[in-house]
Each structure stands twice: as structure tokens, then as C-alpha cells.
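just a sequence and a predicted model for now, questions to come.
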Amino acid sequence: MPAVLEHARAFVVVRADLAELTHDLRYAGASPLGGLPEAKALEARMDEILSWFDAEEIEIKGVAPLLVDFPAVLGGVSVRLCWLEGETALGWYHRSDLGFPGRRPLP
């Protein structure tokens, strides 16, 4: 979980910077965060961070907020351990066939 939290924190910062830069460029024509090259660099960094999750076989279910699932088996049932941006620990799961609406606290 420490590596997940580290990558999630990095992702949130890059996501916010890209949102701000894109907004500023669209509406003001300029941004203190840079221009198009910086936006492309931020997009590449986001892809790099998301690729880390994929390489670790962690499923990205959403990016705003960041939502990730870890495939697992609980009581003989296929589940996804579920972590949502802002949570400090892995404390939730849902059956694989139900998704987020079936989210429950880990026993």
C-alpha cells in the first residue's frame, strides 16, 4: 500500500496541474505553469504513473477521483479490494461482478 499511496499522491498533483494549465490556456491564453509543451509533459507523466498501476496488476477504475481495484479472493469468492482517493488504507472490497455499488468494509 505505501507504493500505491506514493503513486496516487504523484498522480493527484499531476492531474491538478494539468487541469489548471489546460483551463488557463483555454480561457486566458497563458498559464504560470507553462504552455502546450508543459501540458504534453504532464499528460506523459500521467500515463507513466497509470502504467505503473497496470504493471502491478492494479486496475484503474477512475481517475477523478482516483479509484483502484486489486483482484483478490475472499471466502472463495472473486472480489476486488477497493481503494478510493483520500482513503489512508485499504479497507473496502466488492464482489468482482458488482463493482463499486457493492462496496463493503473489509471484514
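Arrived safely.

contacts and neighbour counts: CA atoms only from here.
Noted.

any idea how far L36 is from the spatially most central residue of the chain?
By C-alpha atoms, centre = their mean, the mean C-alpha position of the chain lies nearest to L66, the distance being 3.2 Å. L66 is 24 Å from L36, where distance means C-alpha to C-alpha, to the nearest Å.

picking that back up, residues contacting the residue nearest to the centre of the chain?
Contacts for L66 were tallied using C-alpha atoms under 8 Å, 6 or more residues apart in numbering; they are 8, 12, 60, 84-85.

what two of those are the furthest from one another?
V12 and I60 (13.6 Å; C-alpha to C-alpha).

Three-state assignment for E87, please.
Put simply, E87 is coil when judged by DSSP: H, G, I helix; E, B strand; the rest coil.

tally of neighbours for it?
Number of residues near E87 (other C-alpha atoms under 10 Å) recorded here: 10.

do the one 10 residues further on as well
The local packing of D97 (other C-alpha under 10 Å) involves 10 other residues.

swap in F70?
Residues near F70, counting by other C-alpha under 10 Å: 18.

got any ranges where this protein has weak pLDDT?
The model of the chain has no residue with pLDDT under 70.

in the lengthiest helix in it, what counts as buried?
Counting residues, the longest helix found in the chain (DSSP state H) is helix 2-27. By neighbour count on 16 or more other C-alpha atoms under 10 Å, the buried set for helix 2-27 is 4-5, 8, 11-12, 14-15, 17-18, 20-22, 24-25.

immediately after that helix, which helix or strand?
Where DSSP states H and E defines the elements, the next helix or strand beyond helix 2-27 is helix 36-55.
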